[in-house]
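> what shape does this take:
(chains A, B, C and D)
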There are 2 protein chains.
Amino acid sequence: MIPKHDSAIPMSTRERIIEAADQLFYEQGFEHTSFAQIAQAVGISRGNFYYHFRTKDDILDTVINHRLQRTNVMLEHWEVEGETPSDRIRSFINILIMNRAKIKRFGCPVGTLCSELIKLDHPAQGDAKELFILFRTWLSRQFVQLGHAEKADELAMHLLAQSQGIATLASAFQDEAFINREVDRLHDWLTSCTATP
Amino acid sequence: MIPKHDSAIPMSTRERIIEAADQLFYEQGFEHTSFAQIAQAVGISRGNFYYHFRTKDDILDTVINHRLQRTNVMLEHWEVEGETPSDRIRSFINILIMNRAKIKRFGCPVGTLCSELIKLDHPAQGDAKELFILFRTWLSRQFVQLGHAEKADELAMHLLAQSQGIATLASAFQDEAFINREVDRLHDWLTSCTATP
DNA sequence: ATCATTTTAGGACGTTTGTCCTAAAATGTA
DNA sequence: TACATTTTAGGACAAACGTCCTAAAATGAT
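Numbers count the residues shown, from 1 in each chain, chains lettered A, B, ... in the order given. Next up, the predicted model:
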């Protein structure tokens, strides 16, 4: 399962750096987060930081791969846990509810990272996009199982876009109630997808 | 109409700075754009730049107000041009088509700016949010005229969220065809709104 | 206990940043 | 023409950044 810090096994310095960077990149953005901030958050010196990650792109790549692994584990878990494909899709929709407090403050971790890297014209754009691709192919697979074989990818992209828009506006307007409203709407939409085969 | 540079009346240095900054903030982000870059784009010295704008927050505020004015003019124009409220809403939806080339490359100017300022915890967050509010109240007014008085604001926010999501994914996946597909979907949705009073 | 390796701390370096100053050039006015 | 004001250029400045180096401390193996 998820290799969380068991509190029995203490995290290595490297792991602690990755987690701190992950969080700071989400909350403050990649460019606006400095080596010094990450080092301070972990409680180590900048020199020690440099021992583990030589460049800023290094730590970014590692954070993205870390997110990819975590996301993959989550999706696989949903696939064995959810009984029907629509159950699994609803698990995806409910991320918005589960993480609404953070989404309200910082938006979607995937969408905001991709947007930032695009503006920076950063080489890691493609890696960040893989996060979206992960959700896209997973959702697409669920829609195929739901009986929408030829429209599966279109539906997956539509649902992805919806959640992106919800996250963007929720953070711009600092509005959690809006998230709830739109999630209800998404569930209704999925129901109508299930009803009409 | 839009006060474009008539090429008869040459733009003042100040105006040229604002337009250059506006474009660069959109394409590269606010923080990633430096005084030097804007000055170079305009073709003036950094010292001259400082004569017109003393701080970076100064130029940001001015750019946001510039966008607010341009947007206001555009919306008022649509209001006298579009015959029915649904015509006017369709004008909004079609921004995605008109600007698809830029949206594909840089996302939505409003959404990406708001997201960035949130991460920077920048004082101008509220001003940037006004851009969204402009569209929100305008769309809400159209939905009222369409006969959805009590659900007008909800519909406005829903449409705003949709376009945000479309812009985010279109830029992440560099996919213009996706924009076309989702815009068609939005037009269908609006038709169903009009049919069901 | 000794030694080799890994890990850490702290500072140095060159660059870029936003900001500010001063003097020259351009412009308008009498 | 002579003068006052606006506009421009170019450099100075401290601070922050990513990067890199060196030496001490911690750790593990023999």
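> which element is A:H32 on?
With secondary structure defined by DSSP states H and E, A:H32 is part of neither a helix nor a strand.
> contacting residues for A:F173?
For A:F173, the contact set (CB atoms under 8 Å, 6 or more residues apart in numbering or on different chains) comprises B:129, B:132. Every C-beta, even on glycine, is put in place using the N, C-alpha and C of the backbone.
> state the pLDDT value of it.
If you check A:F173, the pLDDT there is 98.
> quick one: it from DNA strand C, how far?
The gap separating A:F173 from DNA strand C is 28 Å, by CB to the nearest atom of the strand, to the nearest Å.
> repeat that for A:D87.
The spacing between A:D87 and DNA strand C, counted by CB to the nearest atom of the strand, is 43 Å.
> SS state for the residue nearest to A:N65 when sequence neighbours are not counted?
Distances taken as CB to CB, 6 or more residues apart in numbering or on different chains place A:D127 nearest to A:N65, at 7.4 Å, with adjacent residues excluded. Using DSSP: H, G, I helix; E, B strand; the rest coil, the secondary structure recorded for A:D127 is helix.
> wait, does whichever strand or helix holds A:L68 contact DNA strand D?
According to DSSP H and E, A:L68 maps onto helix A:56-81. Yes - Helix A:56-81 lies within reach of DNA strand D by CB under 7 Å from any atom of the strand, at A:56-57.
> for that helix, name the packing helices and strands.
In terms of contact count using 3 or more CB pairs under 8 Å, 6 or more residues apart in numbering or on different chains; DSSP states H and E, helix A:56-81 is assigned the packing partners helix A:13-28, helix A:85-93, helix A:109-120, helix A:125-145.
> repeat the analysis, applying 7 Å as the threshold.
If you count contacts as 3 or more CB pairs under 7 Å, 6 or more residues apart in numbering or on different chains; DSSP states H and E, helix A:56-81 packs onto helix A:13-28, helix A:85-93, helix A:125-145.
> what parts of chain A come near DNA strand C?
Proximity of chain A to DNA strand C is assessed by CB under 7 Å from any atom of the strand, with A:13, A:44-48, A:50-52 identified as the residues in range.
> so which of those residues are in helices?
Under the assignment DSSP state H, the residues of chain A next to DNA strand C contribute A:13, A:46-48, A:50-52 to helices.
> which among the residues you listed gets closest to DNA strand C?
Taking CB to the nearest atom of the strand as the measure, A:G47 is the one of those closest to DNA strand C, at 2.0 Å.
> quick revisit: to DNA strand D, which of the helices and strands packed on helix A:56-81 lies closest?
The closest of the helices and strands packed on helix A:56-81 to DNA strand D is helix A:13-28. By CB to the nearest atom of the strand, the value is 10.2 Å.
> list the buried residues of the next helix or strand after that closest one.
Next helix or strand after helix A:13-28 toward the C-terminus (DSSP H and E): helix A:35-42. Of the residues in helix A:35-42, those with enough neighbours to count as buried (16 or more other CB atoms under 10 Å in any protein chain shown) are A:38-39, A:41-42.
> ok, now stretch A:180-197?
Taking 16+ other CB under 10 Å as the basis for neighbour counts, the residues of stretch A:180-197 that come out buried are A:182-183, A:185-186, A:190, A:193.
> circling back to that earlier point, any of the ones in helices among the residues of chain A next to DNA strand C buried? List them.
Going by neighbour count (16+ other CB under 10 Å), those have A:H52 buried.
> closest one of the ones in helices among the residues of chain A next to DNA strand C to B:T137?
Each of those was checked against B:T137 using CB to CB; the closest is A:R46, at 48.0 Å.
> contacting residues for the closest one?
Residues touching A:R46, when contacts are defined by CB atoms under 7 Å, 6 or more residues apart in numbering or on different chains, comprise A:35-36, A:39.
> can you give me the neighbour number for the residue nearest to A:N65?
Residues contacting A:D127 under the criterion other CB atoms under 10 Å in any protein chain shown number 19.
> correct me, but it touches A:T62?
No - look at A:D127 against A:T62 with CB atoms under 7 Å: they stay out of range, at 10.3 Å.
> please identify the helix or strand for whatever residue of chain A ends up closest to chain B.
Ranked by CB to the nearest CB, the top residue of chain A for proximity to chain B is A:G165, at 3.1 Å. Secondary-structure assignment from DSSP H and E places A:G165 in helix A:152-173.
> farthest-separated two in the buried residues of helix A:35-42?
Greatest spatial distance in the buried residues of helix A:35-42: A:A39 and A:A41, 7.3 Å, computed using CB to CB.
> buried sites along the helix holding A:L68?
Quick answer for helix A:56-81 (16+ other CB under 10 Å): A:56, A:59-64, A:67-68, A:71, A:74-75, A:78.
> equivalent analysis for stretch A:83-94, please.
Residues of stretch A:83-94 classed as buried under the neighbour-count rule (16+ other CB under 10 Å) are A:85-86, A:88-93.
> how about stretch A:93-104?
Under the neighbour-count rule (16+ other CB under 10 Å), stretch A:93-104 has A:93, A:95-96, A:100, A:102-104 buried.
> isn't A:L160 up against B:L169?
Yes - applying CB under 7 Å, one finds A:L160 in contact with B:L169, separated by 6.0 Å.
> and the furthest pair within the ones in helices among the residues of chain A next to DNA strand C?
The most widely separated members of those are A:T13 and A:R46, with 13.2 Å between them, by CB to CB.
> return the residues of chain A in contact with chain B.
Residues of chain A lying near chain B by CB under 7 Å from any CB of the partner chain: A:28-29, A:31-32, A:106-107, A:111-112, A:114-116, A:118-120, A:129, A:132, A:154, A:157-158, A:160-162, A:164-166, A:168-169, A:171-172, A:178, A:181-182.
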